[in-house]
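J.: 3D, please:
(chains A and B)
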Amino acid sequence: MAQADATRSARRNGHEPDAPVDLREPSPGGSPSRLANRAWRELAGLVQRRIPRADLDERDPDFIREQLPLLWLLSSIWFRGEVRGLGNIPDEGPVLLVGNHSGGNMIPDTMVFTVAFSTYFGVERAFYQLAHNLVLSIPGLSWLRRFGTVAASPDNARKALSAGAALLVYPGGDYEVHRPSWEGNRVDFGGRTGFLRLALEQDVPIVPVVAIGGQETALFLTRGERLARLLALDRVLRLKVLPISLALPWIVNVGDFGHIPLPAKITVETLPAIDVRAEFGPSPDIDEVYDHLVRVMQDALDALAAERRFPVIG
Amino acid sequence: MRVSADIAVAAPIESVWSIVADPERVLGFMSGVTRWEVVGDLSAGLGARYRMLFRIGAAEVGGLIEVVEFSEPFEFAWTSVTGLDQRGRWRLREVKGGRTRVELRLAYGVAGAGISGWIAERIAAPSVSRHAQQSLRQLGRIVEQEQLRARAAQRRAAGAAG
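T.: Next up is the predicted model:
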């Protein structure tokens, strides 16, 4: 029953889980490890049930407009945000914005970019962001959906692009956002190419969005991939990482369920749009496009890194 | 929140107006403005619409604006149609000695933004004010240089004729 509910919930949100979580009731009683397994399964079911129904209509332009001053204050004063090249984004029509992701779960780069995008194009332009399921299932973060954040899934991405919206995706996701701080100036999508297939299928341009500074908002030490596997987080919560960082106010921050980001300068550069079929032919080789995109973004990130004189200060 | 600045320009009011009301020249003197594009068929006058952006802090703020007052050569006012709430006004008046007093007023805000909106408006005010003053200085320089060039051309023409 629980499994059926979870599967329905996942499908409703556009997920077709490759490996459905096994939520079958275990036989009563048993060893501590069985009890632990059962607890994990219950947690997985809870998370699946909490993932909100994907509804693009939940985006609320008036709410976004009212929040812009607060976000502008944070972006301008705390992060001294600087967003360049927004003119590279087509003025209208669907577009896939592909970003490198930094700053842990506090997503400072997303905030800086969202403020800039919303003021540049106006809150009237539909703009969605894909986020990890877990983010949308955390109590108290329902307001993210009013900003246009939807659970990361191919189906949700298709819906947004079909509706003519701009869609921001971070192919590196949780893997990239928790990379160690000393790898902060590296684009690392972990070989994920689903977004390219999506762009081809929907025939939309790709606009690379390169950000720097996010990985200086805390001292990210490790992704904690082994720890995540050991605790079966990958199986239960679709979490490949359990990051460990030094961050305020926790000092040692395990899991990153929130921290106070250091006021690192965030610079975001939007690069010229890529029309994949125009540049790579009618049947492009996905790996070739992926390598090209990562190289272009890495070059831009290297240039941004060369501009920075000091960590955090920028 | 409203900020304003004014300046006296050593030029006739018509000369100042011809620059202020010309959408193709706005980027040349409006400090902080990064975009001022005509939207629609009407390029100038009452009802003309522009897509404008103004860099302030970490964002370029603006949207679609519409000219709501166009009293040549005295008043030019616009208000926002989309984007953040904003209004602007060029107010030109003739003063003694063939000079023109030019006033630029900019008003902005976000209805419903609460305390954060109130704070943001005040934090942005010094920067907006600096941009307004800089815009007026640049406008004055452009108009006065054009006056000088026009007078020099007249002198050359008179010399050639004499």
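
J.: and the top helix by length along chain B, anywhere near chain A?
T.: In terms of residue count, the longest helix belonging to chain B (DSSP state H) is helix B:114-161. Yes - using C-beta under 8 Å from any C-beta of the partner chain, helix B:114-161 reaches chain A at B:G114, B:S116, B:G117, B:I119, B:A120, B:E121, B:I123. No exception for glycine: its C-beta is placed from N, CA and C like everyone else's.

J.: Distance from that helix to the middle of the chain?
T.: Mean C-alpha position of helix B:114-161 versus that of the full chain (C-alpha atoms, centre = their mean, to the nearest Å) differs by 8 Å.

J.: on contacts alone, who are the packing partners of that helix?
T.: helix A:61-73, strand B:2-9, helix B:13-20, helix B:26-29, strand B:49-56, strand B:99-109 (3 or more C-beta pairs under 8 Å, 6 or more residues apart in numbering or on different chains; DSSP states H and E).

J.: Let me have those in JSON lines, extended by distance to A:G87.
T.: Below are these laid out as JSON lines (distance: least, C-beta to C-beta, whole Å):
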{"stretch": "helix A:61-73", "distance to A:G87": "20"}
{"stretch": "strand B:2-9", "distance to A:G87": "27"}
{"stretch": "helix B:13-20", "distance to A:G87": "25"}
{"stretch": "helix B:26-29", "distance to A:G87": "13"}
{"stretch": "strand B:49-56", "distance to A:G87": "10"}
{"stretch": "strand B:99-109", "distance to A:G87": "22"}
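
J.: Turn these into JSON lines, columns for distance to A:D174 and mean pLDDT.
T.: Shown next, in JSON lines, are the helices and strands packed on helix B:114-161 (distance: least, C-beta to C-beta, whole Å; pLDDT from 0 to 100):
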{"stretch": "helix A:61-73", "distance to A:D174": "23", "mean pLDDT": "94"}
{"stretch": "strand B:2-9", "distance to A:D174": "44", "mean pLDDT": "96"}
{"stretch": "helix B:13-20", "distance to A:D174": "53", "mean pLDDT": "96"}
{"stretch": "helix B:26-29", "distance to A:D174": "43", "mean pLDDT": "96"}
{"stretch": "strand B:49-56", "distance to A:D174": "33", "mean pLDDT": "94"}
{"stretch": "strand B:99-109", "distance to A:D174": "38", "mean pLDDT": "96"}
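
J.: Let me know the helix or strand that A:L161 is in.
T.: Element membership for A:L161, per DSSP states H and E: helix A:154-162.

J.: Report all helices and strands that that helix contacts.
T.: Here helix A:154-162 touches strand A:127-131, strand A:166-169, helix A:194-202, going by 3+ C-beta pairs under 8 Å, 6+ apart.

J.: Now do the buried residues in it.
T.: Buried residues in helix A:154-162, defined by neighbour count with 16 or more other C-beta atoms under 10 Å in any protein chain shown: A:P154, A:D155, A:N156, A:A157, A:K159, A:A160, A:L161.

J.: Now that helix: average pLDDT?
T.: Mean per-residue pLDDT for helix A:154-162: 93.

J.: Could you do stretch A:284-301 as well?
T.: Here the average pLDDT along stretch A:284-301 is 96.

J.: can you give me the strands in the stretch 201-314 of chain A?
T.: Under the criterion DSSP state E, counting those that start in this stretch, the stretch 201-314 of chain A contains strands at A:206-212, A:219-222, A:244-247, A:251-254, A:267-270.
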